[in-house]
Structures are given as structure tokens and as C-alpha cells.
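S.K.: A predicted structure for the sequence below; I have some questions about it.
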Amino acid sequence: MAKRNLISKQHRKKGAQERWKNWEDKREERKAQTQRARQAYLAKKTALQHDPDAEMPQASAEEPSTSEATAQENDGPPPSTQTPMTPQEMDVPTVEMTEVDVPFPSTLADDDRQAEPVPSTSTARCDLVATPSTSKGAGGFGLDDVHMFDELRRRHIWTEEELQRQRRSNAFLRKQLKAQRDRNGQRIIDAICAEADVRQKGDDIQRRLSEAGVRRHPRTKQFTGGDIYKILDHPNFASFTAPIPPGPLKFTLIDAMNDLRQIYHLSRAKILHPVDLNSLEHWTKMFYCHWQQLRSIDVDRYPVRPKLHLLTAHVVPFARSHLWWGLISEQGMEHMHRMCNNLVGRYSHLGTQEKVVEKLVKHTTMLNALHDRGVEDKKENDKYPDF
């Protein structure tokens, strides 16, 4: 029996060693294929810089020799010495800005079984709402510009230095922007629950939330970002306002939920096209207008907080500058909560809140906790401008 167990153990060990060796061989093969594909793509990219009219072929891992020959024929510079392209060099198309007037009241019927959300129709005077033009014109863009923009973005390969520079730029703002979407969605859902409680229909809204698989966090008593997304992405999200009687309040809440629903869809981890950027600007402006309408109904329940300002004023410029928004996360700034909480207790002896805040700002600035950009080099800053 002992001999049989020893033989079985040796077989298992030998099999594990063989599997590990096969896995190592496959990994090395994949790394080699990736390296060959990148070299081929860089060679073809170098050729395109000398012949812009040439069509950009897809890189192939099985044709490294063809790519090297193409690069030698054009005598292009090596990929490592290429100067990174800036958004100005990429010639990003401009956006035609117009004014729109949206009538009031909303035409949404008070039907809890309505499956499809209706577009926002509440009273809102939103100046400079972006509307894409159907053809090229003064300041507008068409489908040809979108295809051109896609081609430029596909041809451009971000260098490691460029990526590091982009990560260091606007560090504090970049870590916050995505959190504003969840926080404003939290306020909308809290307002709906509060309105239902006032009308003695809190059990009804809790039942609807439970049916949708949504519940508050046991410790913080708030909804998480995933729960808010479940509510806004629900096929009949307007049914959550059923406990509220028909009127301007209910219709405006539904319109605000629809605005956030569209913003959620645009905040996914993807590169944004010019049409997406225009849509993001439109829905953030509409959300701000609807929030102002809610404030005209109850100013205390719908305050204007810094995160609302960040969502409606800073998200679109950030997205237009970087061409993405949802590729970031707010988790990078979570350490600031603990740091600020500890510092508030440390400086509470100063007496007034203004002095405590002043000390907080000085402390975090000296520690470089808010805008940690690493080692700053003037030559590097001149070579790679901010995006």
C-alpha cells in the first residue's frame, strides 16, 4: 500500500511538472507573438507617416518580415523616437452649439407599466446644448469626420512616457469625476424615498426596491453604485415614482432619472466618440436644469453640492480633453477620507471650523496628498505638454 501511494504521488508530481512546463511554453509563445505583432504594427505606422494616403492594414503576428521590409523601404525613424501626437495635431472636430427650448409640462403618462422611458420634456432653458450636424459645415461635423477621428485614433499608439504623463495630469480631478455620477443618483433615489415616506407610502417603494434586488448598505444605510445602476437601468424605472401623485414633482424626478440613466450609459469603460461627447454634454446640462426645477419645489431637499458642480461643469471638459471618462475609478481617492477624518480630530482644538479647514488644506498640501504628480522635471514637462 505504501509503495502504491508513493508511485501515485510521483505520477501526480510528474504530471504537475509537465503541465507547468506546457503552460510556461505557451506563455512564452504568446509573448513572442505579441512582440512580433507590435513590431509589425509600429513598422506599418511608420510607413503611414510618410504616406498618409495609404490605407492602414491590420497588423499580423505571422508576417514580421513583411513589416520590417516596409519600414526599410520608407527609411522611417525607429518607433522609439517618434514624437507623441497631441489632440491639437489630431485635429479633433469642433462642435456646433445651439440653443434649445424644451416645453413644460412633461407629457409622460402616469402609467407604472410603461416599459420604455420617454425623452426629457420638462421646462428647461439650457443654453449651448450640443447638437451634431448631419453634414460638414461651419463648426459642425458629419459622419466623415467621425470616421476620420476613428482612423486617427486607431493609427496613434500611446507611448509609455505619454501614458505616464497623462496619469499624472489632473490627478485629483481624475480620481473624483466618476464618483459624482453615483452620488447624484443616490440623492435622486433618497428624494423619491423621502417623498414616499411623507405620503405614508414608504412600504410601497421599499417593496419595489426589493423586487429589483436593491437594498441599502447595512452599515452606511445608503445605496451602492451597483444598486443605483439597477434602478436607473430598470426597463420601467419610472415605476419607482409610483407612490408620488402625478404633478410637476413626479415628472421632473422621472426626467432627472432619465438624464442620469443616459449619463450612466456614457460612463462605461470605453473611448468616447465626438457624438458621445455631445450627448454627454447635453444630458449633463439637462440634469442640471431639472435639478434647478426640483430646487424650486423644495430647496432644502435638493441642495447644490460640490459633486453636482463637478458632474455638470467639469466632466465634459475632462472627457473632451482625454477622450474618455469611464476608464477611471474613484477608489484612488478613498484614502483621503481616512486622512481628513484623522486631521479633523487632530485640529479640533483650534475652535472654529474655518481654522480647521485651513489647517487641513495646509497639511494635505505640504504632504502633496491631493496633487501627487511624482518627480517634476522641466525638460519632461516641456516635451510632453498637458492634455
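M.R.: Perfect, I can see it now. Numbers count the residues shown, from 1 in each chain.
S.K.: where does the protein have its least confident helix or strand?
M.R.: Every helix and strand of the chain was ranked by mean pLDDT, DSSP states H and E. The lowest is strand 124-130, at a mean of 35.
S.K.: biggest helix in this structure by residues?
M.R.: helix 2-50 (DSSP state H).
S.K.: give the other helices and strands that that helix contacts.
M.R.: Here helix 2-50 touches helix 64-74, going by 3 or more Cβ pairs under 8 Å, 6 or more residues apart in numbering; DSSP states H and E. C-beta coordinates here come from the backbone N, C-alpha and C atoms, glycine included.
S.K.: redo that, cut-off 10 Å
M.R.: Judged by 3 or more Cβ pairs under 10 Å, 6 or more residues apart in numbering; DSSP states H and E, helix 2-50 is in contact with helix 64-74, helix 143-155.
S.K.: state the mean pLDDT of stretch 37-51.
M.R.: Mean per-residue pLDDT for stretch 37-51: 74.
S.K.: what comes up buried for whatever helix or strand residue 203 lives in?
M.R.: Taking DSSP states H and E as the criterion, residue 203 maps to helix 202-211. Residues of helix 202-211 classed as buried by neighbour count (16 or more other Cβ atoms under 10 Å): 205-206, 208-209.
S.K.: and the contacts of that helix?
M.R.: Under the criterion Cβ atoms under 10 Å, 6 or more residues apart in numbering, residues 112, 189, 192-197, 199, 201, 214-216, 223, 227, 230-231, 234, 236, 239-244 lie in contact with helix 202-211.
S.K.: which element is encountered next along the chain beyond it?
M.R.: As assigned by DSSP H and E, the chain's next helix or strand after helix 202-211 is helix 225-232.
S.K.: count of neighbours near residue 243?
M.R.: The local packing of residue 243 (other Cβ atoms under 10 Å) involves 20 other residues.
S.K.: right, I mislabeled it, should have said residue 321
M.R.: When neighbours are counted by other Cβ under 10 Å, residue 321 registers 15.
S.K.: distance of it from residue 301?
M.R.: Going from residue 321 to residue 301 by Cβ to Cβ, to the nearest Å gives 34 Å.
S.K.: hmm, back to that, drop anything exposed from the contacts of helix 202-211.
M.R.: Among the contacts of helix 202-211, those scoring as buried are 189, 192-193, 195-196, 201, 214, 216, 223, 227, 230-231, 234, 236, 239-244 (criterion: 16+ other Cβ under 10 Å).
S.K.: send me stretch 227-238 as CSV with only the CA atoms.
M.R.: Taking C-alpha atoms only, stretch 227-238 is exported to CSV below (Å, rounded to 0.1, in the frame of the first residue of the first chain):
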residue,chain,number,x,y,z
ASP,A,227,-27.8,49.3,-6.8
ILE,A,228,-28.3,52.8,-8.3
TYR,A,229,-27.4,51.4,-11.7
LYS,A,230,-30.0,48.6,-11.2
ILE,A,231,-32.7,51.3,-10.5
LEU,A,232,-31.7,53.5,-13.4
ASP,A,233,-31.2,50.7,-15.9
HIS,A,234,-34.6,49.1,-15.0
PRO,A,235,-36.8,48.7,-18.1
ASN,A,236,-39.6,50.5,-16.1
PHE,A,237,-37.5,52.8,-13.9
ALA,A,238,-40.4,55.3,-13.8
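S.K.: can you list the domain ranges for the chain.
M.R.: According to automatic domain parsing, the chain comprises the domains 2-81, 97-331, 334-387.
S.K.: comparing these by mean pLDDT, which bottoms out?
M.R.: Among those, domain 2-81 scores lowest, with a mean of 64.
S.K.: one step back: any idea which of the buried residues of helix 202-211 is closest to residue 47?
M.R.: Nearest to residue 47 among the buried residues of helix 202-211, counting by Cβ to Cβ, is residue 209 at 57.8 Å.
S.K.: state the distance from the closest one to residue 227.
M.R.: With Cβ to Cβ as the criterion, residue 209 and residue 227 are 8 Å apart.
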